[in-house]
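A.B. asks: Whatever this is, show me its structure:
(chains A, B and C)
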Amino acid sequence: MLPVPKKYFITAASAEGKSKLTAFDNALLKAGIGNVNLVRVSSILPPEAEFTPGLKIAPGSLVPTAYGSIVSEIPGETIAAAVAVGVSEDSFGVIMEFTGKCSKEEAEATITRMVEEAFEVRGMALKEVKVNAVEHKVEKIGCAFAAAPLWY
Amino acid sequence: MLPVPKKYFITAASAEGKSKLTAFDNALLKAGIGNVNLVRVSSILPPEAEFTPGLKIAPGSLVPTAYGSIVSEIPGETIAAAVAVGVSEDSFGVIMEFTGKCSKEEAEATITRMVEEAFEVRGMALKEVKVNAVEHKVEKIGCAFAAAPLWY
Amino acid sequence: MLPVPKKYFITAASAEGKSKLTAFDNALLKAGIGNVNLVRVSSILPPEAEFTPGLKIAPGSLVPTAYGSIVSEIPGETIAAAVAVGVSEDSFGVIMEFTGKCSKEEAEATITRMVEEAFEVRGMALKEVKVNAVEHKVEKIGCAFAAAPLWY
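C.D. replies: Residues are numbered from 1 along each chain as shown, chains lettered A, B, ... in the order given. All right, here's what the predicted structure looks like:
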């Protein structure tokens, strides 16, 4: 089987680019994970995974990551991305991502409700919610990005 | 290299949620794979992979999965998701996913034709098609989901 | 951790199909990677990864792949997909994908600029750009696909 991740952190950033994909690439760079290969996952924090901010990952690594991303080409538009990790006392957790045309505060409120719903539906007690969000006012081509990379 | 999966099953379910992503999360829970990390793949059944319904997978595991998902916010709308696995006599198989605004029966008919086309274009004989499908009448925010998780 | 890929190649192809997903499947077959499980990644060439055209990969394998895909159901429409790998002298590289309703030449020009931007923003010197692109005039349901599979 594929190895189960043991560490995680959360990050969010925004950027402009000359194209949609390079705006995304630039946002990843600002988020500190622009030089690895994101492998998108949906979106469970493995039991005992340890919160490890500032983790360094070698370039080119395959990094299981729950993420959300929004790109806009409408100058002046505000876009936002948020990630939240709901942590339980002694079991796995749940990761949620949200993107929208809204403020950072709205994104944070929405994502927090999403994590609460995910714990409620599982009948699990929510010990803590970690949230990271960003908003971006588009100049030309902008991207807002939020992620929970999982690592080893 | 990444280890080649040796087991699989198919599943389909639908659910409502308070947001698009939690509707998706709830559908995954009903499908029995809500507490793992789906890693989306396109979409070959490895040779000798064994059909293993009822497989239990530990929370947080990285699970290679071919899946389709549709979310609707239009009350009263019917949405459907289907997955099909075409099995060959002695080689690999092909997995197809389909989602649409249609009935379960239409989704099943469509996905079966898709598997037949995939075998025909490969010049392979189709031994069996396993299908799982679901339809959902949207109340507020609904998700229909169908998947073929691959495992070890 | 997941093993870091050591080889790569690039490929592009287009095809018709009876449905969107089988058009995609047929394009993958023509691209030589129709019988493996693509695991989508974003999109870094690992350091020391070796360019290995003509690589054979066993059916059902999980293959980390940066790719772009476009499907059209508008007869007569021209669609294109391109992939480019920017190679550095002695470090990692960057992979870009592009799809659009344009010619192969436009896709090639766009993707080359995207790789140049990705190197510029990283402050890295670009040693070489490998490009592969395809255009397709839609008959009924067409798909254009371009990819950089990473392997071991």
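
A.B. asks: low pLDDT regions in chain A?
C.D. replies: Residues of chain A meeting the criterion pLDDT under 70: none.

A.B. asks: can you list the residues of it near chain C?
C.D. replies: Contact residues (CB under 8 Å from any CB of the partner chain) of chain A with chain C: A:2-3, A:17-19, A:21-22, A:24-26, A:28-29, A:34-40, A:58-62, A:64, A:151-152. Every residue, glycine included, has its C-beta placed from N, CA and C.

A.B. asks: Filter those down to the buried ones and hand me the PyMOL line.
C.D. replies: Burial among these is assessed by 16 or more other CB atoms under 10 Å in any protein chain shown; the matching PyMOL selection reads:
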select buried, chain A and resi 2+17+18+19+21+22+24+25+26+28+29+34+35+36+37+38+39+40+59+60+61+62+64+151
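
A.B. asks: Among the residues of chain A next to chain C, which ones are in helices?
C.D. replies: A:21-22, A:24-26, A:28-29 (DSSP state H).

A.B. asks: And the strands in chain A?
C.D. replies: A:7-8, A:11-16, A:37-42, A:44-45, A:50-51, A:62-72, A:78-87, A:93-100, A:128-137, A:142-151 (DSSP state E).

A.B. asks: Any chance of the ones you listed in CSV with distance to chain B as columns?
C.D. replies: Shown next, in CSV, are these (distance: least, CB to the nearest CB, whole Å):
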stretch, distance to chain B
strand A:7-8, 10
strand A:11-16, 16
strand A:37-42, 4
strand A:44-45, 5
strand A:50-51, 13
strand A:62-72, 6
strand A:78-87, 11
strand A:93-100, 6
strand A:128-137, 14
strand A:142-151, 8
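
A.B. asks: what about residue A:142, how many neighbours?
C.D. replies: Neighbour count of residue A:142, defined by other CB atoms under 10 Å in any protein chain shown: 25.

A.B. asks: same question, residue A:89
C.D. replies: 9.

A.B. asks: Okay, the nearest residue to it once chain neighbours are set aside and chain C: tell me how far apart.
C.D. replies: Excluding the flanking residues, the one nearest residue A:89 by CB to CB, 6 or more residues apart in numbering or on different chains is residue A:127, at 5.0 Å. For residue A:127, the distance to chain C equals 27 Å [CB to the nearest CB, to the nearest Å].

A.B. asks: how much space between the closest residue in space to residue A:17 that isn't next to it in sequence and residue A:142?
C.D. replies: Excluding the flanking residues, the one nearest residue A:17 by CB to CB, 6+ apart is residue A:23, at 3.0 Å. Between residue A:23 and residue A:142 the computed distance is 6 Å (CB to CB, to the nearest Å).

A.B. asks: which residues sit in contact with the spatially closest residue to residue A:121 that is not a sequence neighbour?
C.D. replies: Excluding its sequence neighbours, the residue lying closest to residue A:121 (CB to CB, 6+ apart) is residue B:26, at 5.9 Å. Counting by CB atoms under 8 Å, 6 or more residues apart in numbering or on different chains, residue B:26 touches A:121, B:15-17, B:34, B:143.
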